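sequence first, predicted model second:
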There are 2 protein chains.
Amino acid sequence: MGLIVQKYGGTSVGTVERIMRVADRIIEYKNAGNDMVVVVSAMGKSTDVLIEMARQIAPNPSAREMDMLLTTGEQVSIALLAMALQQKGYDAVSLTGWQAGIATESVHGKARIQEVDTARIRSELQRGRIVIVAGFQGISEKGEITTLGRGGSDTTAVALAGSLRADKCEIFTDVSGVYTADPRVVPMAQKLDSISYDEMLELAILGAGVLHPRSVEAAKKYKVKLVVRSSFSQEEGTCVEEAADMETGRVVSGVAHDEDIAKITVVGMPARVGTLSRLFNTLAGAQINVDIIIQSSYDAAVTNISFTVSSDDLVRTLDTLAAYQEALGFDKVEHESGLAKVSIVGAGMITNPGVAAEMFQQLAEQDISIKMVSTSDIKVSCVIPAEQTSLAVRTLHTAFGLDVAEQAVVHGI
Amino acid sequence: MGLIVQKYGGTSVGTVERIMRVADRIIEYKNAGNDMVVVVSAMGKSTDVLIEMARQIAPNPSAREMDMLLTTGEQVSIALLAMALQQKGYDAVSLTGWQAGIATESVHGKARIQEVDTARIRSELQRGRIVIVAGFQGISEKGEITTLGRGGSDTTAVALAGSLRADKCEIFTDVSGVYTADPRVVPMAQKLDSISYDEMLELAILGAGVLHPRSVEAAKKYKVKLVVRSSFSQEEGTCVEEAADMETGRVVSGVAHDEDIAKITVVGMPARVGTLSRLFNTLAGAQINVDIIIQSSYDAAVTNISFTVSSDDLVRTLDTLAAYQEALGFDKVEHESGLAKVSIVGAGMITNPGVAAEMFQQLAEQDISIKMVSTSDIKVSCVIPAEQTSLAVRTLHTAFGLDVAEQAVVHGI
């Protein structure tokens, strides 16, 4: 008994049959005495169809009109899901983003939620209704329809759960939870029962696709108990919550990897104040996302700067640097592609020194050369040759005790 | 130069290519110095696709959720049309019904427009933008998305033209205007250059599908100069306006017909106060639309009542009457199907007596038996055997001088 916010993704509501099945699952919760608020995405590939129509008309359509276009996708889903619930004898009402009181910045395509006015949702809940809310969308102060960008529907669900002080926020997706590593790479990977916000955030940033970093950040901020689980089974998922409950010996919670990265070194930059900011502002201006950054100085006047980018951005990065060589005043650019980033994540690192050293040792024993290193309180990332990714991930997964089925068995490293 | 409201139907915006062509046409008007407000319907058969999905989920979905579902159709059209205009270098903005300030009753599926708050549209026009408005939809006082029912987009256009005091309201459709008769029945039928609101209203009610009676009524009320024309040619259309300009000798403006009607006679109703209202309230309660009604009394105590319904409603009407026979107290019901209604419409009838007599004479000369007659100031309708419909329509079209290409040649009848 309580107030539960659920979110079903596009695959979960991809067909009329699946919508009926989602309705059945919501009804189970409702029958158990819960108040239900359900966020849904657009059906399956319907967003792609809309994008394709837009592209046929304009190669680069305005963000405002794209928002106007794409938000129809979720509006279709909420109407159909509400009908399905009504058909099964339950009182339900669908609400668009603006009807649900989701106020965002005046930005199109990637607006942040500023505030949720829950009055309408609360009044519908008081009438005993199941409330179905369109994910991914909101309204700006100017009365414009906005969208939240990638991970938008998860963010809608978390924001609603936070504003409504829901007991939990369940994200239904096509995997059964958060895994210690990508099961396609590590057959021994196991589903985590629970994980802290910070760990989940690192994993999400490192590319574990199950949750967008933004929704995890919001969950952390509003202390929303987040559960990731499969919409195709009854299996328990992974609970993302405050770390307190979990300081039970687990040092590393997961191994993440990203295979498509390139390393670039800008050689001989003048070592003046503002060198770094000039360089990275130039790259940011070209919409290039830079990940790991390392600066090494070999004399007082010049410095070398290495950084990683996605392989997709390599050519654009090199072109941009070439165009600005004179302005930035460096000697030359070196680059290396075919690299991967392997990371271990775990809140336990804070209180367990030597985790990074253990990681380097394990990789060295497998003759894996480490090109770059980056660390945070709860993460160590190493850049290595891409062809050794699987070996590295499996080695670390075993070394940090993640292969064992019972986590209670994990002991100090 | 002026302010023009245009409406393009679903066929006119049925494909990406057609949307581009509609954009070109709007641009011609804009380049000529006009302020443009454009109302569009949902693309082609997209509404049917949505309805089919809903039916798969619920045979009888709630009207509120149907409105939520169907209004996405126009939202897609307005976004794509705005993108097309922007792509061609013109500043355009799309507005949903609620953004355009279209306030309706709190009714779903067939709400009437109560008021239009034109502030947003005016401010967009002042910025030099072409304003694209979603037809068929509005918002209720409670913040619910509503739809206007059949003919909804035409009604949106007329209401906007009235509220904005537009110079004219052009309805673009797949025919080139209003004809003196259905060209499929009367090859000599000609397009009218102009027609009065009242005549158009009669024709629309009699089933000339080009405009919904509701939009004509609204045009008359707000004195909106309405033009019906083809979106597939540059041909001038038909102007619907005040009768004053047109009192130039034309007695009959058009011949309309409706082939699917049935006549029902309730025999031996007690001739008491309230007999008629009891009978027709019963039928209205069963959602049966009754057209022509004739009462004949053959003695002081009992009366016979004949009326027509659409053939589709015949069985339901007979069932309803059977169920209420005791309550209504009549003797029996007779019915006749396979009938048609042929009507002549013309504002000139008011000042030209003998038009009805001429109509009866013409039909008699062709051995067409008249089963029922109904008249208004500007219309005479006769119910005849359906198989004689074409003969009747062509005979009347010729007799009332509508075959001639030049209407100035028409003289007194």
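The structure has been received and is ready for your questions. Residues are numbered from 1 along each chain as shown, chains lettered A, B, ... in the order given.

which element follows the strand or helix carrying A:Glu336 toward the C-terminus?
Using DSSP states H and E, the element containing A:Glu336 is strand A:332-345. Next in sequence after strand A:332-345, counting helices and strands by DSSP H and E, comes helix A:355-365.

what angle separates that following helix from strand A:332-345?
110 degrees (axes from the mean of the first three to the mean of the last three C-alpha atoms, to 10 degrees).

so which bits of the very next helix or strand once past helix A:355-365 are buried?
Sequence-wise, the next helix or strand beyond helix A:355-365 is strand A:372-376, with elements assigned using DSSP H and E. Using 16 or more other C-beta atoms under 10 Å in any protein chain shown as the test for burial, strand A:372-376 gives A:Met372, A:Ser374. C-beta: built from backbone N, CA, C; applies to glycine.

which non-adjacent residue is nearest A:Gly128?
Nearest non-adjacent residue to A:Gly128, counting by C-beta to C-beta, 6 or more residues apart in numbering or on different chains: A:Asp91, 5.9 Å away.

hang on, that neighbour packs against A:Gln126?
No - taking contacts as C-beta atoms under 8 Å, A:Asp91 lies outside contact range of A:Gln126: 11.8 Å.

between those two, which one's more packed in?
Between A:Asp91 and A:Gln126, A:Asp91 has the larger neighbour count (other C-beta atoms under 10 Å in any protein chain shown), namely 13 against 9.

which ones are touching the more buried one?
Counting by C-beta atoms under 8 Å, 6 or more residues apart in numbering or on different chains, A:Asp91 touches A:Leu85, A:Arg127, A:Gly128, A:Arg129, A:Ile130.

and these as JSON lines, adding distance to B:Phe360?
Converted to JSON lines, these look like this (distance: C-beta to C-beta, whole Å):
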{"residue": "A:Leu85", "distance to B:Phe360": "59"}
{"residue": "A:Arg127", "distance to B:Phe360": "61"}
{"residue": "A:Gly128", "distance to B:Phe360": "63"}
{"residue": "A:Arg129", "distance to B:Phe360": "60"}
{"residue": "A:Ile130", "distance to B:Phe360": "63"}
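
buried subset of those?
Of the contacts of A:Asp91, these count as buried by 16+ other C-beta under 10 Å: A:Leu85, A:Arg129, A:Ile130.

what's the first one in contact with, if anything?
In this case it means A:Leu85. By C-beta under 8 Å, 6+ apart, A:Leu85 lies in contact with A:Ala23, A:Ile26, A:Ile27, A:Asp91, A:Ala92, A:Ile130, A:Ile132.

once you drop chain neighbours, what's closest to the residue positioned nearest the centre of chain A?
Against the mean C-alpha coordinate of chain A, by C-alpha atoms, centre = their mean, the closest residue is A:His212 at 1.8 Å. Leaving out its chain neighbours, the residue that sits closest to A:His212 by C-beta to C-beta, 6+ apart is A:Gly151, at 2.3 Å.

retrieve the pLDDT associated with that neighbour.
Note for A:Gly151: predicted pLDDT of 83.

and the next element down the chain from the helix or strand harbouring A:Leu80?
Using DSSP H and E, A:Leu80 sits within helix A:63-87. Counting by DSSP H and E, the element after helix A:63-87 in chain order, helix or strand, is strand A:92-95.

ok, A:Phe330 - contacts?
A:Phe330 neighbours (C-beta under 8 Å, 6+ apart): A:Val266, A:Val267, A:Gly268, A:Met269, A:Pro270.

from those residues, pick the one nearest B:Val49.
The closest of those to B:Val49 turns out to be A:Val266 (C-beta to C-beta; 53.8 Å).

OK, contacts around the residue nearest to A:Arg150 when sequence neighbours are not counted?
In this structure, A:Arg150 finds its nearest non-sequential neighbour in A:His212, 5.9 Å apart by C-beta to C-beta, 6+ apart. Counting by C-beta under 8 Å, 6+ apart, A:His212 touches A:Arg150, A:Gly151, A:Asp154, A:Thr155, A:Ala204.

what pLDDT is listed against A:His212?
Note on A:His212: pLDDT of 87.

now swap in A:Arg129 and tell me
pLDDT, A:Arg129: 98.

which bits of chain A sit near chain B?
Counting by C-beta under 8 Å from any C-beta of the partner chain, chain A comes close to chain B at A:16, A:19-20, A:50, A:53-54, A:56-58, A:61-62, A:64-66, A:68-69, A:71-72, A:75-76, A:78-80, A:82-84, A:86-87, A:93-94, A:96, A:99, A:120, A:143-145.

just the C-alpha atoms of the helix or strand of chain A with the lowest mean pLDDT, please, in PDB.
Using mean pLDDT, DSSP states H and E, strand A:290-297 stands out as the lowest-scoring helix or strand of chain A, at a mean of 85. Only the C-alpha atoms of strand A:290-297 are listed here, as PDB (Å, rounded to 0.1, in the frame of the first residue of the first chain):
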ATOM      1  CA  VAL A 290      35.700  15.200 -24.300                       C
ATOM      2  CA  ASP A 291      36.000  12.500 -21.700                       C
ATOM      3  CA  ILE A 292      39.300  11.900 -19.900                       C
ATOM      4  CA  ILE A 293      41.800  14.800 -19.900                       C
ATOM      5  CA  ILE A 294      45.500  14.500 -18.900                       C
ATOM      6  CA  GLN A 295      48.000  17.300 -18.900                       C
ATOM      7  CA  SER A 296      51.700  16.700 -18.800                       C
ATOM      8  CA  SER A 297      54.400  19.400 -18.800                       C
END
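
now it: buried residues?
Result for strand A:290-297 [16+ other C-beta under 10 Å]: buried residues A:Val290, A:Asp291, A:Ile292, A:Ile294.

and if you look at stretch A:108-123?
Within stretch A:108-123, the residues that count as buried by 16+ other C-beta under 10 Å are A:His108, A:Lys110, A:Ala111, A:Ile113, A:Val116, A:Thr118, A:Arg120, A:Ile121, A:Arg122.

and for stretch A:148-167?
Of the residues in stretch A:148-167, those buried by neighbour count under the rule 16+ other C-beta under 10 Å are A:148-149, A:151-164, A:166.

what do you get for stretch A:351-368?
Buried residues in stretch A:351-368 (16+ other C-beta under 10 Å): A:Asn352, A:Val355, A:Glu358, A:Met359, A:Gln362, A:Leu363, A:Ile368.

same deal with stretch A:10-20?
Of the residues in stretch A:10-20, those buried by neighbour count under the rule 16+ other C-beta under 10 Å are A:Gly10, A:Thr11, A:Ser12, A:Val13, A:Gly14, A:Val16, A:Arg18, A:Ile19, A:Met20.
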